[in-house]
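Asks: please find the sequence and the predicted model below.
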Protein chains: 2
Amino acid sequence: MTRNPRSSRPAVTTNVVVFTLRDDKLKLLLVRRRSDPYKGMWALPGGYVEADEDLDDSAMRALEDSTGVAGVYLEQLYTFGAPDRDPRGRSISVAYYALVPSEKLQLRTASDSEAIGWFALDELEPLAFDHNEMVHVAHQRLAAKLAYSTIALQFMPQKFTLSELQKVYERILNEKLDKRNFRKRVLALDQIDQTQEVRRNGSHRPARLYSVRNPGEVQIIR
Amino acid sequence: MTRNPRSSRPAVTTNVVVFTLRDDKLKLLLVRRRSDPYKGMWALPGGYVEADEDLDDSAMRALEDSTGVAGVYLEQLYTFGAPDRDPRGRSISVAYYALVPSEKLQLRTASDSEAIGWFALDELEPLAFDHNEMVHVAHQRLAAKLAYSTIALQFMPQKFTLSELQKVYERILNEKLDKRNFRKRVLALDQIDQTQEVRRNGSHRPARLYSVRNPGEVQIIR
């Protein structure tokens, strides 16, 4: 344990994969790099970990600084540390993922990006660094977690219909679900409440609106 | 992205939580520290990440160097980075966990430890650094993964009875399982094969021996 002189230490960063549902697609937040390496390419929001900063706080700050997004569900995903992942020298990145309801979003650009935007997961171009791999791992984790947690509820606005919630599952899993089974399963979770309101939509039967019982919490289902 | 001068970079380490089943208990591997900080206390095997080394390789090397254990199932767990976790200064640790069948183990002590041994998870004393927390997170992950993967098979020797496999589940989950349901479920995974051999044990009916179809691989069950 006497190795690792200060001069050979890797730089440590965090990156955040921010998912939302928009225009009926699963999308993620990217910023355009305005300096080298990968100048002009799209990348995940991120930044260096400060000397006195917890990793979770660092990820939250990176997200807030570069996008204006705050107070969202954030979870550590995986740490990426291939020796050649950054052309400037050894760096490791602790990747996080975040889920936000579309209504919460007020994007702004930060000093190290010249543009910011939402990109559909299924039309993604090559990103800077190993960020495509981070996105892939984040999507896998999200899809896996649908099966054993209430994570999907993080995407929902204050009031929503069961059809809207079903769409969230379908977009993440990229498959159609049976309506009757889905409703039974999701109500059995006992994590969403009927409101007294309905939404009318053209000639369809009015749809009941629901709300999330514990917003901001993700329950594990056993 | 212009912050993070070399002088403020954290040290980066890996630590490994190595589980096995021994004496009918879930146990983990600890080494005794022979220098400060936490001199004389028990800790998880670990070490600094070398300049040109992948994180997975670093964890594998740390494990092999300090214990002689090699070629085992290893998975990244979580990265720990509280600013005060190491009294020597800022350090972050990428934690891994490993599962080994008891028969594979040939322990040896390394330069930075004066003793090495197996400790029952349910009788653990306070460990160095934040290692109790790492153990807690690793146990949670392992228990969760039993439900949706074939991870438990990593604990098994070349040939084993279904009762032995059931004990692995019971020790990890810390609860009794129904024998009939367990057998049905585990055979339905289609990942273990009957051998032509049986094991005789006193006056009991001889028990069929099974083997793992793809040793070293963990299948996700959906």
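Replies: Noted; the coordinates are in hand. Numbering: from 1, shown residues only, chains lettered A, B, ... in the order given.
Asks: neighbours around residue A:11, how many?
Replies: For residue A:11, the count of nearby residues is 21 (other C-beta atoms under 10 Å in any protein chain shown). Where you see a C-beta, it was placed from the backbone N, CA and C, and this is true even at glycine.
Asks: same thing with residue A:120?
Replies: Other residues close to residue A:120 by other C-beta under 10 Å number 14.
Asks: for chain B, see how far away it is.
Replies: For residue A:120, the distance to chain B (C-beta to the nearest C-beta, to the nearest Å) stands at 24 Å.
Asks: on the pLDDT front, check that residue for me.
Replies: Note on residue A:120: pLDDT of 94.
Asks: what values do phi and psi take at it?
Replies: Main-chain dihedrals, residue A:120, degrees, to the nearest 10: phi -70, psi 130.
Asks: contact partners for it?
Replies: Residues near residue A:120 by C-beta atoms under 8 Å, 6 or more residues apart in numbering or on different chains: A:25, A:26, A:27.
Asks: filter the residues you listed down to the ones in strands?
Replies: Residues of the contacts of residue A:120 located in strands (DSSP state E): A:25, A:26, A:27.
Asks: isn't the last one up against residue A:21?
Replies: Yes - contact status for residue A:27 versus residue A:21: in contact at 7.3 Å, counting by C-beta atoms under 8 Å.
Asks: and the lowest-mean-pLDDT helix or strand in chain A, how far from the chain's centre?
Replies: Lowest by mean pLDDT, DSSP states H and E among the helices and strands of chain A is strand A:113-120, with a mean of 82. Put simply, strand A:113-120 sits 14 Å off its chain's centre (C-alpha atoms, centre = their mean, to the nearest Å).
Asks: check stretch A:196-210 too.
Replies: Worked out by C-alpha atoms, centre = their mean, stretch A:196-210 lies 29 Å from the chain centre.
Asks: quick check: mean pLDDT across it?
Replies: Stretch A:196-210 shows a mean pLDDT of 88.
Asks: could you identify the longest strand within chain A?
Replies: strand A:11-22.
Asks: could you check the angle strand B:11-22 makes with it?
Replies: For strand A:11-22 against strand B:11-22, the angle by axes from the mean of the first three to the mean of the last three C-alpha atoms, to 10 degrees is 70 degrees.
Asks: ok, strand A:11-22: who's next to it in the sheet?
Replies: strand A:25-33 (antiparallel), strand A:46-48 (antiparallel), strand A:91-99 (parallel) (DSSP bridges).
Asks: do you know how far the closest residue in space to residue A:37 that isn't next to it in sequence is from residue A:221?
Replies: In space, and not counting its chain neighbours, residue A:37 is closest to residue A:87: 4.8 Å by C-beta to C-beta, 6 or more residues apart in numbering or on different chains. Here the criterion is C-beta to C-beta, to the nearest Å. By it, residue A:87 lies 43 Å from residue A:221.
Asks: list only buried entries from the ones in strands among the contacts of residue A:120.
Replies: Among those, those classed as buried by 16 or more other C-beta atoms under 10 Å in any protein chain shown are A:26, A:27.
Asks: now the ones in strands among the contacts of residue A:120 as CSV including distance to residue A:206 and pLDDT?
Replies: Listed next are those as CSV, based on distance: C-beta to C-beta, whole Å; pLDDT from 0 to 100:
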residue, distance to residue A:206, pLDDT
A:25, 26, 91
A:26, 28, 93
A:27, 29, 93
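Asks: chain B: which of the ones in strands among the contacts of residue A:120 is nearest?
Replies: The closest of those to chain B turns out to be residue A:26 (C-beta to the nearest C-beta; 18.8 Å).
Asks: bridging residues for residue A:198?
Replies: Assigned bridge partners for residue A:198, using DSSP bridges, are residue A:208.
Asks: quick one: end-to-end distance for stretch A:62-76.
Replies: The first and final residues of stretch A:62-76 sit 14 Å from each other (C-alpha to C-alpha, to the nearest Å).
Asks: circling back: can you give me the buried ones in the longest strand of chain A?
Replies: A:11, A:12, A:13, A:14, A:15, A:16, A:17, A:18, A:19, A:20, A:21.
Asks: can you give me phi and psi for residue A:44?
Replies: Residue A:44 adopts backbone torsions of phi -70, psi 150, taken as degrees, to the nearest 10.
Asks: what of residue A:200?
Replies: Residue torsions, per degrees, to the nearest 10, at residue A:200 are phi -100, psi 140.
Asks: repeat for the one 10 residues further on
Replies: When quoted as degrees, to the nearest 10, the phi and psi of residue A:210 stand at phi -120, psi 160.
Asks: pick the most deeply packed of the strands paired with strand A:11-22.
Replies: The highest mean neighbour count among these, using mean count of other C-beta atoms under 10 Å in any protein chain shown, belongs to strand A:91-99: a mean of 25.
Asks: just the CA atoms of that one, as PDB, please.
Replies: Provided in PDB are the C-alpha atoms of strand A:91-99 (Å, rounded to 0.1, in the frame of the first residue of the first chain):
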ATOM      1  CA  SER A  91      -9.200   9.500 -15.600                       C
ATOM      2  CA  ILE A  92     -11.900   7.500 -14.000                       C
ATOM      3  CA  SER A  93     -15.600   8.500 -14.100                       C
ATOM      4  CA  VAL A  94     -18.200   7.600 -11.500                       C
ATOM      5  CA  ALA A  95     -21.400   7.500 -13.700                       C
ATOM      6  CA  TYR A  96     -24.800   8.200 -12.300                       C
ATOM      7  CA  TYR A  97     -28.200   8.100 -13.800                       C
ATOM      8  CA  ALA A  98     -31.200  10.400 -13.200                       C
ATOM      9  CA  LEU A  99     -34.900  10.300 -14.100                       C
END
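Asks: model confidence over it, on average?
Replies: Across strand A:91-99, pLDDT averages out at 95.
Asks: re the thing from before, save the buried residues of strand A:11-22 as CSV, and put in distance to residue A:163 and pLDDT too.
Replies: What follows is these, written out as CSV (distance: C-beta to C-beta, whole Å; pLDDT from 0 to 100):
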residue, distance to residue A:163, pLDDT
A:11, 46, 93
A:12, 43, 96
A:13, 40, 96
A:14, 36, 97
A:15, 33, 97
A:16, 29, 96
A:17, 26, 96
A:18, 24, 93
A:19, 20, 93
A:20, 18, 90
A:21, 13, 88
